[in-house]
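In: pasting a predicted model and its sequence here:
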Amino acid sequence: MKLIAEIPKDNIEDDIKYLVIESDENDTKGYFLFFHKSLDTPCEADLWFVDIEGAKRQATFNYGINPDDWLISEL
């Protein structure tokens, strides 16, 4: 499962427009926060977190993503 959020226009930096949170349950047992210019291209950067709440807090702090902004993707 992936969570996807579009960054509000006023908070876009370095053309990063989307954030994706994805579980890494098979390896590190944590969560990655991926930074994308487009969802059709590889990520530009990523951060690792112990839990999903940490990844969401970082997205809120840096980009103003609200809890309701996350959409579930099964891709």
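Out: Cool, got the structure.
In: CA atoms for contacts and neighbours, from now on please.
Out: Will do.
In: mind listing what's buried in stretch 54-71?
Out: Residues of stretch 54-71 classed as buried: 55, 56, 59, 63, 64, 65, 70 (neighbour count, 16 or more other Cα atoms under 10 Å).
In: by mean pLDDT, point me to the weakest helix or strand of this structure.
Out: Among the helices and strands of the chain, strand 71-73 carries the lowest confidence by mean pLDDT, DSSP states H and E, at a mean of 94.
In: and the contacts of that one?
Out: 1, 2, 3, 4, 5 (Cα atoms under 8 Å, 6 or more residues apart in numbering).
In: and the first one, what does it touch?
Out: In other words, residue 1. Contacts for residue 1 (Cα under 8 Å, 6+ apart) come out as 22, 23, 72, 73, 74, 75.
In: are any of those residues buried, and which?
Out: 22, 23.
In: mind putting the contacts of residue 1 into TSV with distance to residue 46?
Out: What follows is the contacts of residue 1, written out as TSV (distance: Cα to Cα, whole Å):
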residue	distance to residue 46
22	11
23	13
72	19
73	18
74	20
75	18
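In: closest to residue 29 among the contacts of residue 1?
Out: Lowest distance from residue 29 to these (Cα to Cα) belongs to residue 23, with 7.4 Å.
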